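Q: below is the structure, and that's it, no one-letter string:
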């Protein structure tokens with residue numbers, strides 16, 4: 001019988017089991033709810049009776065207060081005989097009627113019998129006060145004073161207070177009885193709810209145990225059967241002879257295990273081919289990464305305006321360590337300040353339009369080196385990203401750019417040289433004639449002749465014009481370098497000796513600090529001497545009379561991985577403003593020198609650049625100027641001739 005019932009119960013669907021089992025605790029819950037409802041109703045009635053007692057006490061207190069207000073108002077009127085002082089008495093008398101009626105309705109029948117005595121005392125009290133008020137208004141004040149003196153009103157008030165005190169004690173006792181009854185009702189309600197809840201909980205636990213047993217036992221049996229199977233990758237799952245969801249689940253799992261066995265066999269067959277494919281992809285990725293990392297051009301990718309990848313050579317172009325992880329913003333920081341706005345603007349326009357972009361800009365290295373870069377960026381379609389992705393290629397065209405500038409400069413200088421040669425030829429003959437004639441005239445005039453001064457001016461200006469013509473020819477003419485090895489310190493001392501007169505005239509001294517490692521130089525000695533003479537002479541002109549010593553230093557310095565010597569000439573003059581500083585190398589631009597032609601620094605720049613060097617000035621107004629000349633220690637003869 002038990003097995004038959006258990007089999008029927010197991011064959012029921014789970015939701016029907018839950019519905020069948022839930023009727024037992026549901027009936028219990030209904031019974032407990034009815035008991036709890038009855039107790040709650042009783043508790044509500046207790047609260048209502050307690051509320052009536054409170055209102056009765058409140059009304060009795062109000063009744064007592066009105067009688068006291070009448071006594072106070074009467075005595076105030078007796079003392080002042082002012083009809084306005086009688087108003088509190090009259091207001092209390094009017095309110096007394098309504099409160100008295102409300103109090104009667106709230107009292108029980110036994111309390112109403114006792115209240116009649118108090119009502120009689122109040123009526124007597126009111127009658128006496130009304131008669132005394134009429135006597136006082138008629139001028140019989142002696143009767144009123146006699147009434148007050150004898151204290152007859154106080155006797156009535158004392159008796160009234162005694163009665164009200166008895167009523168108050170009765171009401172308090174009634175309130176205590178109601179509180180006790182309410183506590184008893186609350187306790188019984190809580191016990192009914194708690195007992196009913198525990199009983200219901202027990203029934204629910206029993207019902208859930210039956211359902212859990214009907215579900216868990218077959219699952220445990222299924223797990224045991226699967227665990228006891230042989231060490232197969234996919235065990236055989238037995239189907240249970242049940243018609244509920246668990247039986248259906250075991251049948252589905254048995255079918256799935258058979259399908260998994262079949263698919264697993266196919267996976268095993270394709271494993272070898274997948275291994276070969278993975279090896280091929282790994283080799284391909286290694287070749288691609290090696291090609292990108294060691295390519296002789298900079299390769300990078302961007303997403304929007306942000307750099308997302310950069311190969312090693314691109315970091316080298318930007319002057320960064322190729323073995324370090326670089327923040328994307330670092331590349332933007334290495335772009336030359338004069339180029340960064342243009343680069344960002346052009347690239348942002350290309351990104352907005354989704355078009356390729358090509359530009360030329362400069363990378364500035366930490367050591368001051370500058371590389372000219374040709375950059376081309378091509379968009380790649382990416383449907384998964386709203387920001388366009390670009391692949392970029394950076395090529396170092398510094399050498400090409402330098403050669404183009406030199407070629408352009410050479411062409412300009414060649415043209416200028418031809419023109420200067422023609423000008424020199426046309427000017428020198430008249431100048432020679434003017435100078436010779438002026439010299440002959442000077443010899444014919446006596447020393448005291450005042451016209452000799454004018455002849456001296458002609459000779460002086462003729463010599464100055466001849467010097468300007470020579471400088472123009474020197475600036476325009478491309479002269480081959482006469483390279484030789486020489487000692488730099490000796491050359492500097494020779495230049496200082498030639499300028500000793502100018503130094504003594506301004507009472508200036510020169511301090512030198514020359515490194516032994518940078519003392520031997522391979523260059524055109526005469527042209528380097530011309531540069532030093534011009535730069536030191538400018539420093540003397542800029543220095544004040546009796547000023548600080550001019551400093552001349554030379555030390556070895558690598559520039560773009562090439563050994564060289566850095567020569568610096570520092571003065572303590574008035575300095576050069578930024579506006580003038582940017583134009584010091586322009587031909588015919590002069591500032592501060594009365595007799596200058598404006599070609600000295602331009603000629604110095606030509607000479608230094610022909611030696612593949614660099615010259616630049618740093619200055620601050622009021623602090624002085626530093627002229628820095630970097631020259632390679634050795635010259636490549638083929639490059640110099642080219």
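A: All right, it came through fine. What you see is a predicted model; the values in this text were computed from it and never measured.

Q: got the buried residues for stretch 487-501?
A: Applying a neighbour-count criterion of 16 or more other C-beta atoms under 10 Å, one finds 488, 489, 491, 492, 495, 496, 499 buried in stretch 487-501. Just so you know, the C-beta spots here come from the backbone N, C-alpha and C atoms, and that holds for glycine as well.

Q: typo on my end, stretch 550-562
A: Judged by neighbour count using 16+ other C-beta under 10 Å, the buried positions of stretch 550-562 are 550, 551, 552, 553, 554, 557, 559.

Q: so what are the domain limits for the protein?
A: If you go by automatic domain parsing, the domain ranges for the chain are 28-198, 294-396, 397-478, 482-641.

Q: which one of those lies nearest to residue 261?
A: Ranking those by proximity to residue 261 (C-beta to C-beta) places domain 294-396 first, at 37.6 Å.

Q: and that closest one, how far apart are its ends?
A: This stretch, domain 294-396, spans 15 Å end to end (C-alpha to C-alpha, to the nearest Å).

Q: so how far is that domain off the chain centroid?
A: The chain centre lies 25 Å from the centre of domain 294-396; the measure is C-alpha atoms, centre = their mean, to the nearest Å.

Q: how close does residue 337 get to residue 518?
A: 30 Å (C-beta to C-beta, to the nearest Å).

Q: compare the two (neighbour count), which wins?
A: With other C-beta atoms under 10 Å as the criterion, residue 337 and residue 518 differ in neighbour count, and residue 518 comes out ahead with 21 against 9.

Q: thought residue 488 was touching that one, still the case?
A: Yes - under the criterion of C-beta atoms under 8 Å, residue 518 makes contact with residue 488 at 6.7 Å.

Q: what is in contact with these two at once?
A: Shared contacts of residue 518 and residue 488, defined by C-beta atoms under 8 Å, 6 or more residues apart in numbering, are found at 554, 565.

Q: residues touching the nearest residue to residue 196 once chain neighbours are set aside, list them.
A: Distances taken as C-beta to C-beta, 6 or more residues apart in numbering place residue 32 nearest to residue 196, at 2.7 Å, with adjacent residues excluded. Residue 32 makes contact with 192, 193, 195, 196, 197, 199, 200 under the criterion C-beta under 8 Å, 6+ apart.

Q: got the residues you listed as TSV, with distance to residue 183 and neighbour count columns?
A: Below are the contacts of residue 32 laid out as TSV (distance: C-beta to C-beta, whole Å; neighbours: other C-beta atoms under 10 Å):
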residue	distance to residue 183	neighbour count
192	15	18
193	16	16
195	18	12
196	20	18
197	21	14
199	24	15
200	26	20
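
Q: in helices, which of those appear?
A: Under the assignment DSSP state H, these contribute 192, 193, 195, 196, 197, 199, 200 to helices.

Q: how much space between the third one and residue 36?
A: According to C-beta to C-beta, residue 195 stands 10 Å off from residue 36.

Q: and which of the ones in helices among the contacts of residue 32 is nearest to residue 563?
A: Looking across the ones in helices among the contacts of residue 32 and measuring by C-beta to C-beta, the closest to residue 563 is residue 197, at 96.0 Å.

Q: can you point out the buried residues in stretch 314-326?
A: Judged by neighbour count using 16+ other C-beta under 10 Å, the buried positions of stretch 314-326 are 314, 315, 316, 317, 318, 319, 320, 326.

Q: show me the two of those that sit farthest apart.
A: Checked with C-beta to C-beta, the buried residues of stretch 314-326 reach their widest spread between 317 and 326, with 12.1 Å between them.

Q: next, the contact list for residue 330, please.
A: Going by C-beta under 8 Å, 6+ apart, residue 330 touches 318, 320.

Q: hmm, back to that, what touches both of residue 195 and residue 36?
A: Going by C-beta under 8 Å, 6+ apart, no residue sits against residue 195 while also sitting against residue 36.

Q: all the helices of the stretch 151-300 of the chain, residue numbers only.
A: Applying DSSP state H, counting those that start in this stretch to the stretch 151-300 of the chain gives helices spanning 152-227, 245-293.

Q: model confidence over the longest one, on average?
A: Looking back up the chat, that one is helix 152-227. For helix 152-227, mean pLDDT is 71.

Q: coming back round to it: format the contacts of residue 32 as CSV; extra columns: distance to residue 457.
A: Formatted as CSV, those follow (distance: C-beta to C-beta, whole Å):
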residue, distance to residue 457
192, 135
193, 130
195, 135
196, 134
197, 129
199, 135
200, 131
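
Q: wait, residue 322 touches residue 310, no?
A: No - applying C-beta under 8 Å as the test, residue 322 and residue 310 come out as separate, 9.2 Å apart.

Q: got the domains of the chain as CSV, with distance to residue 214 columns?
A: As requested, those are arranged in CSV below (distance: least, C-beta to C-beta, whole Å):
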stretch, distance to residue 214
domain 28-198, 22
domain 294-396, 51
domain 397-478, 84
domain 482-641, 85
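
Q: between these, which one is nearest to residue 286?
A: Closest among the domains of the chain, using C-beta to C-beta: domain 294-396, at 12.0 Å.

Q: model confidence over that closest one, on average?
A: Mean pLDDT, domain 294-396: 85.

Q: residue 374 looks like it's in a strand, true?
A: Yes - counting by DSSP: H, G, I helix; E, B strand; the rest coil, residue 374 falls inside a strand.

Q: so residue 508 is in which element?
A: Residue 508 belongs to no helix or strand when assigned by DSSP states H and E.

Q: what's near enough to touch it?
A: Residue 508 makes contacts with 540, 543, 546, 547, 549, 550, as judged by C-beta under 8 Å, 6+ apart.

Q: check it and give its pLDDT.
A: With respect to pLDDT, residue 508 has a value of 91.

Q: now swap in the one 4 residues further on and tell me
A: On the pLDDT scale, residue 512 is placed at 92.

Q: may I have the beta-bridge partners of the residue nearest to it when sequence neighbours are not counted?
A: Nearest residue to residue 512, sequence neighbours excluded (C-beta to C-beta, 6+ apart): residue 552, at 4.8 Å. On the basis of DSSP bridges, residue 552 is bridged to residue 512, residue 569.

Q: what sits against residue 552?
A: Counting by C-beta under 8 Å, 6+ apart, residue 552 has contacts 492, 496, 510, 511, 512, 513, 514, 536, 567, 568, 569, 570.

Q: neighbours of the closest residue to residue 193 other than its chain neighbours, how many?
A: Leaving aside its chain neighbours, residue 193 sits nearest to residue 36 (5.2 Å; criterion: C-beta to C-beta, 6+ apart). Counted with other C-beta under 10 Å, residues neighbouring residue 36 total 16.

Q: contact partners for residue 36?
A: By C-beta under 8 Å, 6+ apart, residue 36 lies in contact with 189, 192, 193, 196.

Q: the first one against residue 39, yeah?
A: So the one you mean is residue 189. Yes - using C-beta under 8 Å, residue 189 is in contact with residue 39, at 3.7 Å.

Q: next helix or strand past the helix or strand where residue 465 lies?
A: Residue 465 is part of helix 451-476 when elements are defined by DSSP H and E. Using DSSP H and E, the next helix or strand after helix 451-476 towards the C-terminus is strand 483-487.

Q: neighbouring contacts of that next one?
A: The contact list for strand 483-487, computed with C-beta under 8 Å, 6+ apart, reads 519, 520, 521, 522, 523, 524, 525, 635, 637, 640.

Q: repeat that for stretch 429-442.
A: Contact with stretch 429-442 is made by 452, 455, 456, 458, 459, 462, 463, 465, 466, 469, as judged by C-beta under 8 Å, 6+ apart.

Q: now do that stretch, average pLDDT.
A: In the prediction, stretch 429-442 has an average pLDDT of 76.

Q: and that stretch, which residues are buried?
A: Along stretch 429-442, these residues count as buried under the neighbour rule (16+ other C-beta under 10 Å): 431, 434, 435, 438.

Q: how near is the second one to residue 188?
A: It refers to residue 434. Distance from residue 434 to residue 188, by C-beta to C-beta: 141 Å.

Q: secondary structure element holding the residue nearest to residue 193?
A: For residue 36, the element it lies in under DSSP H and E is helix 14-80.

Q: many thanks, I have nothing further to ask.
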